[in-house]
Every structure is written in C-alpha cells, then in structure tokens.
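Enquirer: quick one, what's the 3D model for this:
(one chain, ligands or ions: 2)
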Amino acid sequence: MSNIRFQALQSVANAEEKKINGYGEKRITTMFGSNVFSGRTIREYLSDEAYKSLMNSAKSGSRVDRRMADQVAAGMKAWAEERGVTHFTHWFQPLTGTTAEKHDSFFTIKSDGSAIELFDGDALIQQEPDASSFPNGGIRATFEARGYTAWDPSSPAFIMEAGSGKTLCIPTIFIAYNGESLDYKAPLLKSIAALDKAAVDVCHFFDKNVSKVTATLGWEQEYFVIDEALANARPDLMMCGRTLLGHGPAKGQQLEDHYFGSIPERVYAFMQDFEQESYKLGIPLRTRHNEVAPSQFECAPIFEECNIAVDHNTLLMDVMNKVAKRHKLKALLHEKPFAGVNGSGKHNNWSLATDTGVNLLSPGKTPRTNLMFLTFFVNAIKAVNDYADLLRGAIASANNDHRLGANEAPPAIISVYIGKYLSDVLDEVETRVKEKFSEQDEVILKLDIHKQIPELLMDNTDRNRTSPFAFTGNKFEFRAVGSSANCASPMVVLNTIMAETLKQFKKDVDALTEKGDKKEIAVLQVLRDYITKSKKIRFEGDNYSAEWAEEAERRGLNNFKTTPEALDAFVTEKGKQVFYDNGIYSKRELEARHEIMLEDYVKKVQIEARLLGYLATNHVLPAAVTYQNTLIENVRGLKDIGLDKKSYKAQLHLIETISGHIQGVNDNVEAMLAARKKANEIADFHKRALKYCHEVKPYFDKIRYHADKLELVVDDKLWQLPKYRELLFMR
Ligand code: ADP
Ligand code: MG
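Expert: Numbering: from 1, shown residues only. Ligands and ions are numbered 1, 2, ... in the order given. A predicted model of the protein is given here:
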C-alpha cells in the first residue's frame, strides 16, 4: 500500500475550491431566521390565544398548558411541513459535550390502520429517550433508567437541514425520572432565573420600573480549519481532536503574518457556507477573521439572551462540523490541536440587561444611573473574588489544561482586570467614603464619580489581553473558556455567584437602611466594603508573567493547573452551598456532575494514552527501523568496497541516534502502559483522575520528544503521518 500521507497530499493538491453561490443577491436579512419558529412566523401559525400563551411561557419560563400545547404543536407542524420536514426531534445537550437528537417521524398509524401525520402537545412537551447511556454519574441506575426531555419554550424550535433531510428540532432540557438534571440546559435556566430575581431586587434600589433582568452572552468562537484528507491520515486528530505527535514546522506563527490576514479562498467559501446555514437558524453571526496561529480563525455573533446564545453556540459547532465536510475540510474545535502554536478559546462576553432597556454594566449618564452601574460592577467583582475557584472549575477540562497558562491564554489563576479609570473610581469610593457618612461627602463623591466615568468610553482601547476576566467597557469578558466547551458551564457559575452576591448585597444595604441610613448612602457604604474585600482579585498587569504567579500566591489566589484539582471547587462546602442556596443543583446532582467531569477527564486521557501508544508503536517505530536498516545496508556496502570507518561516520552516528530514540519511545510507551494499568485499578474517580493526570500523562511529552526527534531524521518518504507544515499550511 502506498503511503497514506502522500495520497492525502495529492488530494489536497487536486482539491478545488467548492463552488458555493456566495451571498450573491441574497441579503442576510432575507435568510435570517427562515428556519426558526419565532417572531412573525409564530404569529402567522398560531391563534391569538396560543400565541399569547407561548410568549408568556417564553418570557416567564412557565409551562405551556396542555390545551395550548396542542395548538402550538399543530402550528409548528404546519409550518415545518410546508418546508418539507418529515421528522421531529427533541434536541438536548447531555453532559457528553455534544448535542443529542433522536428523530421520530410525524407519520403514525391510527387504531383503524390508516396512516396519518401527527404531532400533538404531548409529543411537543415531553419525550422519553430510551438512551440510558448518557453520562449520569450514577443518578440513573439501570432499573430506573428513564430519562425525559422536556420542552424549553424560551428557546425557539428550528429546522435542521442535513443533506436532503429536514428535521424539526425542539430545544429541551434532559432530566432523570425524578427530575434530577442530566444536561447543561436545566441548571442554566435555573441560574438565569436566580440571577433575574436577585438582580431585579437590587435594581429596585434605583428604579422601580424594572421587572426582569436577563443575563446576556456574546461568545467568540476560535477554531482551526485543515484539509480533510490530511486530517483523516492522522488517527490522533480523528480520535482525539488534537495531534499527539509532530515536530514543529520551520515556520510557525512567529512571523505574525496570519492574524487578520486575508482569508484563504477555500476557507472563505466554507465560512460563507456555514454563515448562511447559521443565519437560517437565527444565529446572528457578525464577525469573521483570521486568528494568530496559521489556519486558525474566529467568528462571533451579536450577543443574545444567555440561554439562546448557549443554544446557538452548540448549534454552530454542529453546523460547522457538517458544513466543513461539504468542502472536504475539517473544523477543529479542540483547545489545543497543535503543540507550539496558539490554542483556541471561546471568549464569553457577559452582561446584564433590564426589560427597561438598560445594560447594567454600562456606565450611566446621570449620577443615579452611575450608582446603579457601580453597584452591579462592584458586585460582579466581588462575586468573582469570592467564588474564583468555581469559575476555574467551570472551565476545567482535559483539553483546556493544554491551553491555560501556556502563554497564549490566561493562566489558571482567576483575576479581574478593570482598567485604569475604573480602578481610580473604585479607589476613590474606598478612600472617600467614611465610616460615618456625611451628606456633603455624598454629593462630592457622586459628582466626582460622575465626572470620571464618561472617560471610561475612551478606556475601551486600554485592553489587557492577558486577563482571564476583563471589563471591556460595557460587559465582562471571560477569556479562559475553552473553544470546545459548552458555554453553559461557565454561565451557570457566573449567573449563580452573581445572584448570590446580589442577594447578600441587598441584605447588607437593607440592614443599614433599617438603622436609619439614607438608601444611597447605605449603597455606597456597602460598595466601599465590597471594594475593600475584593481587592485581591483585581490585577492590571501581565497575567502571563512569572511574577504574577508569585504575586498571586502571596495574595492567596489559587492556581489550579490541572482539571482534577480544579474540579474540587464543586465539592467544597462553600461551592456546594452556593448551588444549593440558589436552587441550581441538589446534593446528588452536584456530586453526580463532579463524578461525570472526573470520569470525562479520565476517559479523554485514557483514549489519548492508548492512541499515542498505538501511533508510536505502529507508525513511528516501523518507519524508524526501516530507515535504520537502509543506513545499515549502506554502511555494509561502503565497508564491502573497502572504505574505512571515517567514510561512514555520519551514518553510524545516525544509526546510533535512531537506536537511542527507538529505545526512548519504546521504554516510555511500556512505562505508560504500566502506569495506566495501575490507574485503572483505582475505583475512586477522584484518585483515578489524579493518577491519570500525574502518573500517566507525563509520559505523553517523553514519548513525543523521542518520536518528534525521529521525525526529523527519518527519510521523509517513509513517514506516514502528515507533518505539521502540511497540516497547518496546505489547503
Ligand atoms: P471586541 O471585544 O472584539 O473588540 P466587541 O466589544 O464589539 O468586540 O464585542 C465582542 C463580543 O462581545 C461580541 O461577540 C458581542 O456580541 C459581545 N457583546 C457586546 N455587548 C455585549 C453585552 N452587553 N452582553 C454580552 N455580550 C456583549
Ligand atoms: Mg474577545
């Protein structure tokens, strides 16, 4: 069989840019949302009564009653069928990290044997996927293996097109028979509701007209795109989403010529294609550009309500994977597909919006609205300060461990950057608000703050790109999230800790006003206290520097470098309490989730270990031995014709070098295998994860070192795995 790598290279050379019609005459506005059951469409297909009922549930998160559900289902079905839809599915986000669907056709047989197309309220509201094999952390023993998906009316139904098939997708939560959550969406909705309540209560200090506060999320998705044939020739990319071997190319990202550079044509065609699919699904994509590493790109939408934004991000990842195939490309969403070049993140821009149209993290125009801004701003910092470990836990994964702290992404230390002007404002509140407050102080302070804050708008350019949690003018940007993560995971934590902090804030302010303080003075007093208490989390310097790691340690900030350690935050007393108190997770749900995440970690490292062993033994070593034999024959020949040792010194040296690395690969693969066996004997999830982390994984680098050295010396013709320069630069 000829070399699979050369076949793949040949196929890249022959690859044509897939002709798509581009946007042509099409306006984005005309395709936007055409496959979504929302807005005007709903109006057209539902009676007034059903429409109102659905809108009301979408807003309040309450159930749609059974009779109305029948009407909504009928409207959805009529709409979908007109568009050629034959099947429907409850679409959900189990803890596998991908989305799940089980398609049912509208078609059914009535008792008299006649065939009809049916989709009623029952089918819309609830389904029972017979899938007992989703991660459940012991919540579902097999004898009670029922799980339910339940319609989430706050996220609109949509039509997913795949090839010539069209399916009506109903966004749902996924829960066990007893109501315990088994997915990302159920806790997300709870956290959104908890934050709504707590934030509205605090808004009422300033504005009684506010009746709803929604968390908003605008994600930025980084990804790599490589040729599919090359990806298929790399078992590690296929099975693990990242390369486990491969020497760095002569040229990487050091020339910094990729960032914002012109987009390669094949990729450009792919982008336009997935953008159009996204627009049909109502995903409001706005920007696209090249990222820092070769073959790395980014896209970002206009921000949306948090629940919908999360759905749209998971949907987008699915769409990207499907559309890439049409272009014979592969989209890599892994956090670190290639060693030595930047990995991919998913910045989560987060803010709070009121139903009166105010962004609570946007500085106001009057002293009163500025005080409201300061309140939410300071509470957010306090929340991160008090629960930094939970935020770190929320972004922990085997994949993200490769990226955090690798001088391309924020470190594992959580800190908050707010910029110079706001630092000055907070300093001022801290120093000028006195224990005993005078009316005079209040006036000065409010006016001073008010004068300063408009300068903030100019502060927008003053960005600190190294901070994991940066204030960027009217929102916080959580930058440590991994590119393949479900945004719900960080959002649940962020919403919950903010809800908790705001609840406490209200109590603290109420306590002062009950003692007779004026409300605004009480607010400032508590803010001052919070500013002082959360000072240690604020950092304006270079988060990538070694000095920061030391400084953070002095400040008592944690630096959990690995996933098993970071996940502990979910089972500390403090961590558990904040989830219980805000009704996000029960004890069993939280423990199950912790176990699922640890298990996921173990499985990922285990799969990588197996594959690395395979690649080293079945690809690298045979190539090395074959080449070494050629050298040996060469030496023999030279000897036969009577040349002395001096004439084949280089060959002898190479033969020895190769032997050394073969030995290195082999010994480490064997040692890794032994370590894995030991780890697998451990029943306790936590201990097993630690064992995999500290005793199995370290062999990855050792094996890789020798294998990559062999790649450099072995005859190129014999090397079966596409090389980094080919993966990163050929398309
Ligand atoms: P950049 O950070 O790249 O300079 P922007 O500041 O315009 O660009 O926004 C970056 C991201 O922040 C976008 O995805 C956008 O949707 C999101 N964003 C902007 N405003 C908000 C908000 N109020 N809430 C949540 N996300 C927001
Ligand atoms: Mg950003």
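Enquirer: contacts, neighbours, all on C-alpha from now
Expert: OK.
Enquirer: the residue of the stretch 401-550 of the chain found nearest ligand 1: what's it in contact with?
Expert: When scored by Cα to the nearest ligand atom, the stretch 401-550 of the chain has Lys475 as its residue closest to ligand 1, at 5.5 Å. Contacts for Lys475 (Cα atoms under 8 Å, 6 or more residues apart in numbering) come out as 349-351, 361-362.
Enquirer: so what's it scoring on pLDDT?
Expert: Confidence at Lys475, expressed as pLDDT, is 95.
Enquirer: measure it to Pro156 for me?
Expert: 26 Å (Cα to Cα, to the nearest Å).
Enquirer: give me the three-state assignment for the residue in the stretch 601-731 of the chain positioned nearest to ligand 1.
Expert: Relative to ligand 1, the nearest point of the stretch 601-731 of the chain is Leu728 (24.5 Å; Cα to the nearest ligand atom). Here Leu728 is helix, with the state taken from DSSP: H, G, I helix; E, B strand; the rest coil.
Enquirer: just to revisit the earlier point, without its sequence neighbours, what residue ends up closest to the residue of the stretch 401-550 of the chain closest to ligand 1?
Expert: Ser351 (4.9 Å; Cα to Cα, 6 or more residues apart in numbering).
Enquirer: what's the helix or strand for the one you found?
Expert: strand 346-354 (DSSP states H and E).
Enquirer: average pLDDT for that strand?
Expert: On average, strand 346-354 scores 97.
Enquirer: are that strand and ligand 1 in contact anywhere?
Expert: Yes - applying Cα under 6 Å from any ligand atom, one finds strand 346-354 in contact with ligand 1 at 349-351.
Enquirer: ligand 1 contacts on the stretch 201-350 of the chain?
Expert: Residues of the stretch 201-350 of the chain lying close to ligand 1 (Cα under 6 Å from any ligand atom) are 216-220, 300-303, 349-350.
Enquirer: going by neighbour count, which of those are buried?
Expert: Using 16 or more other Cα atoms under 10 Å as the burial test, those include 216-220, 300-301, 303, 349-350 as buried.
Enquirer: which of those fall within strands?
Expert: 216-220, 300-301, 349-350 (DSSP state E).
Enquirer: what is the subsequent helix or strand relative to the lowest-mean-pLDDT helix or strand in the chain?
Expert: Least confident helix or strand, the chain: helix 439-452 with a mean of 57, by mean pLDDT, DSSP states H and E. Using DSSP H and E, the helix or strand that follows helix 439-452 in sequence is strand 469-471.
Enquirer: and that next one with ligand 1, contact?
Expert: No - using Cα under 6 Å from any ligand atom, we find that strand 469-471 stays clear of ligand 1, coming within 10.1 Å at best.
Enquirer: enumerate the residues of the chain near ligand 1.
Expert: Looking at ligand 1, the residues of the chain close enough under Cα under 6 Å from any ligand atom are 216-220, 300-303, 349-351, 475.
Enquirer: what's the closest of the residues of the stretch 201-350 of the chain next to ligand 1 to Gly340?
Expert: Using Cα to Cα, Glu220 is the member of those that lies nearest Gly340, at 22.3 Å.
Enquirer: for the closest residue to the closest one other than its chain neighbours, list each beta-bridge partner.
Expert: Using Cα to Cα, 6+ apart and skipping the chain neighbours, the partner closest in space to Glu220 is Ala300 (4.5 Å). Per DSSP bridges, residues listed as beta-bridge partners of Ala300: Thr287.
Enquirer: contacts only, for Ala300.
Expert: Going by Cα under 8 Å, 6+ apart, the list of residues near Ala300 reads 218-221, 285-288.
Enquirer: can you check Met238 too?
Expert: By Cα under 8 Å, 6+ apart, Met238 lies in contact with 231-232.
Enquirer: circling back to that earlier point, so the residue nearest to Lys475 makes contact with Asn474?
Expert: Yes - when contacts are counted by Cα atoms under 8 Å, Ser351 is listed as touching Asn474 (7.4 Å).
Enquirer: overlap of the contact sets of these two?
Expert: Shared contacts of Ser351 and Asn474 (Cα under 8 Å, 6+ apart): 359, 361.
Enquirer: who has more neighbours out of those two?
Expert: Neighbours were tallied for Ser351 and for Asn474 using other Cα atoms under 10 Å; the higher tally belongs to Ser351 (25 against 20).
Enquirer: show me what the helix or strand harbouring Ile42 is packed against.
Expert: Assigned by DSSP H and E, Ile42 belongs to helix 39-45. Counting contacts by 3 or more Cα pairs under 8 Å, 6 or more residues apart in numbering; DSSP states H and E, helix 39-45 is packed against helix 66-82.
Enquirer: for the chain, give the helix that spans the most residues.
Expert: If you go by DSSP state H, the chain has its longest helix at helix 649-680.
Enquirer: quick one: which helix or strand includes the residue nearest to the spatial centre of the chain?
Expert: For the chain, the residue nearest the mean C-alpha position is Ala485 (2.7 Å; Cα atoms, centre = their mean). Counting by DSSP H and E, there is no helix or strand that carries Ala485.
Enquirer: ok, it touching Gly97?
Expert: Yes - counting by Cα under 8 Å, Gly97 is a contact partner of Ala485 at 7.1 Å.
Enquirer: all helices of the stretch 201-350 of the chain, in order?
Expert: Per DSSP state H, counting those that start in this stretch, the stretch 201-350 of the chain carries helices over the ranges 228-232, 235-240, 265-280, 306-326.
Enquirer: ok, the nearest residue to Pro284 once chain neighbours are set aside - contacts?
Expert: Spatial nearest neighbour of Pro284, chain neighbours left out: Pro301 (5.0 Å); criterion: Cα to Cα, 6+ apart. Going by Cα under 8 Å, 6+ apart, Pro301 touches 218-220, 283-287.
Enquirer: which one of these sits closest to ligand 1?
Expert: Gly218 (3.8 Å).
Enquirer: give me the distance between the closest one and Thr472.
Expert: With Cα to Cα as the criterion, Gly218 and Thr472 are 13 Å apart.
Enquirer: quick one: contacts of stretch 78-92?
Expert: 37, 45, 99-107, 127, 149, 151, 159, 165-174, 183, 185.
Enquirer: report the separation between Ile192 and ligand 1.
Expert: Ile192 sits 14 Å away from ligand 1, going by Cα to the nearest ligand atom, to the nearest Å.
Enquirer: now the angle between helix 306-326 and the helix or strand hosting that residue, please.
Expert: Remark: Ile192 resides in helix 185-203, with elements defined by DSSP H and E. Orientation check (axes from the mean of the first three to the mean of the last three Cα atoms, to 10 degrees): helix 185-203 against helix 306-326 gives 140 degrees.
Enquirer: residues of helix 185-203 that come out buried?
Expert: 185-203.
Enquirer: cool, and stretch 616-630?
Expert: So, applying 16+ other Cα under 10 Å, buried residues of stretch 616-630: 616-617, 619-621, 623-625, 627-628.
Enquirer: quick one: mean pLDDT over that stretch.
Expert: In this model, stretch 616-630 has an average pLDDT of 97.
Enquirer: and for stretch 319-333?
Expert: 95.
Enquirer: ok, and for that stretch, which residues are buried?
Expert: Neighbour-count burial for stretch 319-333 [16+ other Cα under 10 Å]: 319-324, 327-333.
Enquirer: do stretch 484-495 as well
Expert: So stretch 484-495, judged by 16+ other Cα under 10 Å, has buried residues 484-495.
Enquirer: now those residues as JSON lines including pLDDT, secondary structure and distance to Asp542?
Expert: Shown next, in JSON lines, are the buried residues of stretch 484-495 (pLDDT from 0 to 100; DSSP: H, G, I helix; E, B strand; the rest coil; distance: Cα to Cα, whole Å):
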{"residue": "Ser484", "pLDDT": "97", "secondary structure": "coil", "distance to Asp542": "26"}
{"residue": "Ala485", "pLDDT": "97", "secondary structure": "coil", "distance to Asp542": "25"}
{"residue": "Asn486", "pLDDT": "97", "secondary structure": "coil", "distance to Asp542": "28"}
{"residue": "Cys487", "pLDDT": "98", "secondary structure": "coil", "distance to Asp542": "26"}
{"residue": "Ala488", "pLDDT": "98", "secondary structure": "helix", "distance to Asp542": "28"}
{"residue": "Ser489", "pLDDT": "97", "secondary structure": "helix", "distance to Asp542": "26"}
{"residue": "Pro490", "pLDDT": "98", "secondary structure": "helix", "distance to Asp542": "23"}
{"residue": "Met491", "pLDDT": "98", "secondary structure": "helix", "distance to Asp542": "25"}
{"residue": "Val492", "pLDDT": "98", "secondary structure": "helix", "distance to Asp542": "28"}
{"residue": "Val493", "pLDDT": "98", "secondary structure": "helix", "distance to Asp542": "25"}
{"residue": "Leu494", "pLDDT": "98", "secondary structure": "helix", "distance to Asp542": "24"}
{"residue": "Asn495", "pLDDT": "98", "secondary structure": "helix", "distance to Asp542": "27"}
